[in-house]
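Trainee: need a structure here:
(2 chains)
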Amino acid sequence: DAGITQSPRYKITETGRQVTLMCHQTWSHSYMFWYRQDLGHGLRLIYYSAAADITDKGEVPDGYVVSRSKTENFPLTLESATRSQTSVYFCASSEHDRWQLNSGNTIYFGEGSWLTVV
Amino acid sequence: EDQVTQSPEALRLQEGESSSLNCSYTVSGLRGLFWYRQDPGKGPEFLFTLYSAGEEKEKERLKATLTKKESFLHITAPKPEDSATYLCAVQVLSNFGNEKLTFGTGTRLTIIP
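Mentor: Presented below is the predicted three-dimensional model:
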């Protein structure tokens, strides 16, 4: 059971370059998320997707683009990388059970992608 | 705006010394409160979900409790392998089925042998 896999795990890029972080999940979960984790800020939501072709902004979306053409994939693109985007990026997914309160729409995380922008 | 505050930021305990971590929250409508464990270099690992005040859940040496304003993660007789950062997160009620989590900044727990 592979769960969620992220690639690359580690990346160094230059300012201004375009970078794409890949995320693949094998559970067929409808919801997928991208978070970034920075010291002092904790995990902050960048974008999320409720289903294929449905995406929405989170707390810190500026400078990022997402797409979701297939349920299992949710790539995150930094169009023109900046030093402030140096961070650890986590992809996550959950099942959608909107009408079930107390049912536990647990969000499961990947192992993270460490991105350094120089 | 939904807010989640965890305290303390860091906690060092001797092996076997029980203690509690705190997560206080201010949200418009709580759907669930989640606890995660995160080891260095890893993604957050799910521990518990709590839904209503008075609810408790246990797993090995950990017990999570929930009130209307905060949650506690009690750790009883901890071992060095319990050392990790513990994250609290809230999921809010939404007319649009919004499943996102809002996280606190975590408590870094170190258990000294």
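Trainee: do you know how far the closest residue to B:Ala77 other than its chain neighbours is from chain A?
Mentor: With CB to CB, 6 or more residues apart in numbering or on different chains as the criterion, B:Ala77 has its nearest non-adjacent residue at 5.0 Å, and that residue is B:Gly16. C-beta here means a position set from N, CA and C on the backbone, and glycine is covered the same way. If you measure B:Gly16 against chain A using CB to the nearest CB, to the nearest Å, the figure is 29 Å.
Trainee: and B:Gly16, that one's in a strand?
Mentor: No - under DSSP: H, G, I helix; E, B strand; the rest coil, B:Gly16 falls outside any strand and is assigned coil.
Trainee: count of neighbours near it?
Mentor: Using other CB atoms under 10 Å in any protein chain shown, B:Gly16 has 11 neighbouring residues.
Trainee: other SSEs contacting the helix or strand of chain B with the lowest mean pLDDT?
Mentor: With mean pLDDT, DSSP states H and E as the measure, the helix or strand of chain B carrying the lowest mean pLDDT is strand B:101-103 (a mean of 87). When contacts are defined as 3 or more CB pairs under 8 Å, 6 or more residues apart in numbering or on different chains; DSSP states H and E, strand B:101-103 sits against strand A:42-51, strand B:3-7, strand B:84-92.
Trainee: A:Thr5 and A:Tyr108 touch, don't they?
Mentor: No - with contact taken as CB atoms under 8 Å, A:Thr5 and A:Tyr108 are classed as non-touching, separated by 11.9 Å.
Trainee: For chain A, just list every one of the helices.
Mentor: In chain A, no helices are defined using DSSP state H.
Trainee: which sections of it are below the confidence cut-off?
Mentor: Counting by pLDDT under 70, the ranges of chain A that qualify are A:1-2, A:96-105.
Trainee: roughly how far apart are the most centrally placed residue in it and chain B?
Mentor: With distances taken as CA atoms, centre = their mean, chain A has A:Trp34 as the residue nearest its mean C-alpha position (2.1 Å). Taking CB to the nearest CB as the measure, A:Trp34 and chain B are separated by 11 Å.
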